[in-house]
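Undergrad: fold the stuff below for me.
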Amino acid sequence: MKAEHRLQSRVRMFMDAGFPKPGEWTSIDKGVRLSGTPQQRMAQAAAMKARGIKNGVHDVLVMYLGRLIWIELKVGRNSTSDSQNDWTAAVRANGFIAEEARSVVEVHDILVRHGIPIAPSMRLAAMHHDAALSVPEAPRKARASKSSAAKPSSKALAFARAAHGMGP
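TA: Got it, this is the predicted structure:
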């Protein structure tokens, strides 16, 4: 799984566990991998464009009591594309919020900064998700059991706490 998809999955787990009602959120998957011959890929891309699927739309959309927040997730040294920068400008020009996050803790902090009442314990949950992201993904097996999910080591948790100023 791509690193950005792993981050998106961890953001989903975090949001599902602690996002307050009546708010709602969704992840937007635009990273469809086109397949087939070059002509088939061109036809698929043309069909997506015809349906109004636009480049640059951010990864996460959050709604809470009159607030609309778009969050673009990035991993490592990846930077936003021109189309993502254009989307950010359009969101802000329309009076809404557009932010970039590189970790689950940053998603947490964006929500809190914009007045969404996230439980204080959820910051620790976000840190655990970030620590899990620091563990390399295990090779996929044909059938994985629930106990085979990657769990952060105590060293990874200590690193995440130190990185976010939480002490040992």
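Undergrad: am I right that Ala126 is in contact with Val104?
TA: Yes. Contact criterion CB atoms under 8 Å: Ala126 and Val104 qualify, at 4.2 Å. Every residue, glycine included, has its C-beta placed from N, CA and C.
Undergrad: joint contacts of those two?
TA: Residues touching both Ala126 and Val104 (CB atoms under 8 Å, 6 or more residues apart in numbering) are Phe14.
Undergrad: per-residue confidence at the nearest residue to Thr88 once chain neighbours are set aside?
TA: Nearest residue to Thr88, sequence neighbours excluded (CB to CB, 6 or more residues apart in numbering): Ala98, at 4.2 Å. The score at Ala98 is 98. That number is its pLDDT.
Undergrad: that's a strand at Ala98, yeah?
TA: Yes. Ala98 forms part of a strand when assessed by DSSP: H, G, I helix; E, B strand; the rest coil.
Undergrad: got the contact list for it?
TA: 58, 69-72, 87-88, 91-92.
Undergrad: swap in 6 Å and give it another go.
TA: Applying CB atoms under 6 Å, 6 or more residues apart in numbering to Ala98 gives the contacts 70, 88, 91-92.
Undergrad: next: Val112.
TA: By CB under 6 Å, 6+ apart, the contact set of Val112 is Ile118.
Undergrad: so where does the residue lying farthest from the centre of the chain fall, helix or strand?
TA: The C-alpha centroid of the chain is most remote from Gln39, which lies 31.7 Å away (CA atoms, centre = their mean). Using DSSP states H and E, Gln39 sits within helix 38-50.
Undergrad: how about the CA coordinates for the following helix or strand past that helix, as CSV?
TA: The first helix or strand that comes after helix 38-50 along the chain, using DSSP H and E, is strand 60-64. Output in CSV follows, covering the C-alpha atoms of strand 60-64 (Å, rounded to 0.1, in the frame of the first residue of the first chain):
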residue,chain,number,x,y,z
VAL,A,60,-10.5,14.7,3.3
LEU,A,61,-13.7,16.8,3.6
VAL,A,62,-14.9,17.7,7.1
MET,A,63,-18.2,19.4,8.0
TYR,A,64,-19.1,20.5,11.5
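Undergrad: I am finished for the moment; much appreciated.
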